[in-house]
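Visitor: sequence unavailable; structure follows:
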Ligand code: MN
Ligand code: MN
């Protein structure tokens, strides 16, 4: 690999356990950096869990994801994609929320991502709870609705919690549809399971044309078949991918606030991410890693491994579009 400014620190130059951790050992390139305009895919931390309705801690996700990300190497050992050779990747740093003010935090996140999108950078975010995706979508889908693939054990399509809360990590995609950010006809939601409050979120999904693939159907068909359908649904137009780590079975990803049993294993978690290959991914996120529940660090390691898979597909999309 030719060394350049956007090349990660190599494991044979500095051992991977040494050094100041950035996402995947990439250069830290904040807005004011002179080479900010050259970045094509920006890795961003969203240390925010103010939208959490049960066990918190996802605000600590980006720091642990960065720490574990130093174990990521330069090439994908399954597909041999080498994203850092294909496109300019950088760690853009963390968006700064206001931990005391939910609505203002969303405004701050939207403003941050608007600057990223305006610079032509495709954002790949490590969260944070799932409400983060809403202000990101407000920036990424500002000009037109995007296709949408969601890996999750929950729909996050609820209308309201506790009678008044319309903005929390159980409602972001209901709001995103209402705001015209997602095309519901190009929306595929995979992995739903567990106990439910009711059927209201499913009824809403049916009423607008969202395709839900519940976990039973997923297990019966397998990752490749399901992802073939997902690719068909979103098509060739721009798509945003959101990956909630609770899509994965809690045996493999216990470090999350709202786990649901009966999910895919870590191999299948990677398989569905590889099934994104060929799509025009304009942004993606990996959310809901909660380090206080992740004693071994294994959940964050799986999370950053999934971010690397998504990065590979995003890099290929950028390269195809040149
Ligand atoms: Mn979830
Ligand atoms: Mn979710």
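Guide: That came through fine. As the structure is a computational prediction, the values presented were derived from the model and not from experiment. Ligands and ions are numbered 1, 2, ... in the order given.
Visitor: which residues of the protein score low on pLDDT?
Guide: Scanning the chain for pLDDT under 70 picks out 1-2.
Visitor: give the burial count for the residue nearest to residue 151 when sequence neighbours are not counted, as a bare number.
Guide: Leaving aside its sequence neighbours, residue 151 sits nearest to residue 247 (CB to CB, 6 or more residues apart in numbering; 4.0 Å). For the C-beta atoms, the positions are set from N, CA and C on the backbone; glycine is no exception. By other CB atoms under 10 Å, the residues close to residue 247 number 28.
Visitor: and for the one 3 residues further on?
Guide: A total of 19 residues lie near residue 250 under the criterion other CB under 10 Å.
Visitor: what is the burial count for residue 70?
Guide: Residue 70, neighbours per other CB under 10 Å, totals 22.
Visitor: which ones are touching residue 213?
Guide: 188, 189, 190, 191, 192, 226, 229, 230 (CB atoms under 8 Å, 6 or more residues apart in numbering).
Visitor: quick one: which of the residues you listed sit in strands?
Guide: Residues of the contacts of residue 213 located in strands (DSSP state E): 188, 189, 190, 191, 192.
Visitor: okay, those in a markdown table with distance to ligand 1 next?
Guide: Listed next are the ones in strands among the contacts of residue 213 as a markdown table, based on distance: CB to the ion, whole Å:
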| residue | distance to ligand 1 |
| --- | --- |
| 188 | 16 |
| 189 | 11 |
| 190 | 12 |
| 191 | 8 |
| 192 | 9 |
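Visitor: drop anything exposed from the residues you listed.
Guide: Using 16 or more other CB atoms under 10 Å as the burial test, the ones in strands among the contacts of residue 213 include 188, 189, 190, 191, 192 as buried.
Visitor: with respect to residue 318, which of the residues you listed is nearest?
Guide: residue 188 (22.4 Å; CB to CB).
Visitor: tell me who's in contact with that closest one.
Guide: Per CB under 8 Å, 6+ apart, neighbours of residue 188: 148, 149, 150, 210, 211, 213, 229, 230, 233, 234.
Visitor: return the member of these nearest to ligand 1.
Guide: residue 150 (9.2 Å; CB to the ion).
Visitor: how close does that closest one sit to residue 18?
Guide: 37 Å (CB to CB, to the nearest Å).
Visitor: what helix or strand is residue 286 on?
Guide: According to DSSP states H and E, residue 286 maps onto strand 281-287.
Visitor: still on that earlier bit, the residue nearest to residue 151 and residue 305: what is the separation?
Guide: Taking CB to CB, one finds residue 247 at 14 Å from residue 305.
Visitor: try residue 27
Guide: 21 Å.
Visitor: same check on residue 170?
Guide: For residue 170, the distance to residue 305 - CB to CB - is 26 Å.
Visitor: neighbour-wise, which of the two wins?
Guide: More crowded of residue 170 and residue 305, by other CB under 10 Å: residue 170, with 26 against 18.
Visitor: how near is the more buried one to residue 30?
Guide: 32 Å.
Visitor: can you check residue 150 too?
Guide: 29 Å.
Visitor: which one's more surrounded, these two?
Guide: Ranked by neighbour count (other CB under 10 Å), residue 150 and residue 30 place residue 150 first, with 28 against 11.
Visitor: tell me what that one is bridged to.
Guide: Residue 150 has these beta-bridge partners by DSSP bridges: residue 189, residue 242.
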